[in-house]
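1. Below are the sequence and a predicted model; questions follow.
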Amino acid sequence: MELGKNAQRKPPINSDMVLLDIVEKYAITKKVFTKYDSVAGECILCYNLFDRLKDVISKYNLNGEKLLSELNSVI
């Protein structure tokens with residue numbers, strides 16, 4: 001089944017994904033996570049590699065929409 005021209009496709013990276021799956025599939029996203037380390041006050045990938053992105057967003061009170069947009073824009 002083909003999507004119509006106006007149909008929206010789900011971005012490759014979404015908040016239900018585990019961080020390890022994201023960086024394994026899209027290694028370039030490491031630089032985005034590293035950028036957010038200063039906001040989180042610690043290394044996000046070091047301490048949350050097996051957590052879902054939405055849980056990390058909540059844990060560190062990050063702007064989830066912005067983070068998702070940045071992650072998807074680099075891939």
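-> Happy to help now that I have it.
2. What pLDDT does the model give Glu42?
-> Glu42 carries a pLDDT value of 98.
3. I'd like to know how many residues surround Glu65.
-> 10 (other C-beta atoms under 10 Å). Where you see a C-beta, it was placed from the backbone N, CA and C, and this is true even at glycine.
4. Shouldn't it be within a helix?
-> Yes - residue state for Glu65 (DSSP: H, G, I helix; E, B strand; the rest coil) corresponds to a helix.
5. wait, what's in contact with it?
-> Counting by C-beta atoms under 8 Å, 6 or more residues apart in numbering, Glu65 makes contact with nothing.
6. what comes up buried for the host helix or strand of Lys54?
-> Using DSSP states H and E, the element containing Lys54 is helix 53-59. For helix 53-59, burial by neighbour count (16 or more other C-beta atoms under 10 Å) applies to 53, 56-57.
7. Next up, the contacts around Leu71.
-> Contacts of Leu71 (C-beta under 8 Å, 6+ apart): 13, 22, 26, 29, 32.
8. now the first one: how far from Gly41?
-> Which is Ile13. 23 Å (C-beta to C-beta, to the nearest Å).
9. between the two, which one's more packed in?
-> Each of Ile13 and Gly41 has its neighbours counted (other C-beta under 10 Å); Ile13 has more, 23 against 8.
10. Which strand or helix spans that one?
-> Per DSSP H and E: nothing holds Ile13, as it lies in no helix or strand.
11. nearest spatial neighbour of it, skipping sequence neighbours?
-> Leu71 (4.7 Å; C-beta to C-beta, 6 or more residues apart in numbering).
12. before we move on, back to that, adding pLDDT, secondary structure and distance to Cys46, write the contacts of Leu71 out as CSV.
-> Shown next, in CSV, are the contacts of Leu71 (pLDDT from 0 to 100; DSSP: H, G, I helix; E, B strand; the rest coil; distance: C-beta to C-beta, whole Å):
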residue, pLDDT, secondary structure, distance to Cys46
Ile13, 98, coil, 20
Ile22, 98, helix, 15
Tyr26, 97, coil, 18
Thr29, 98, helix, 15
Val32, 98, helix, 15
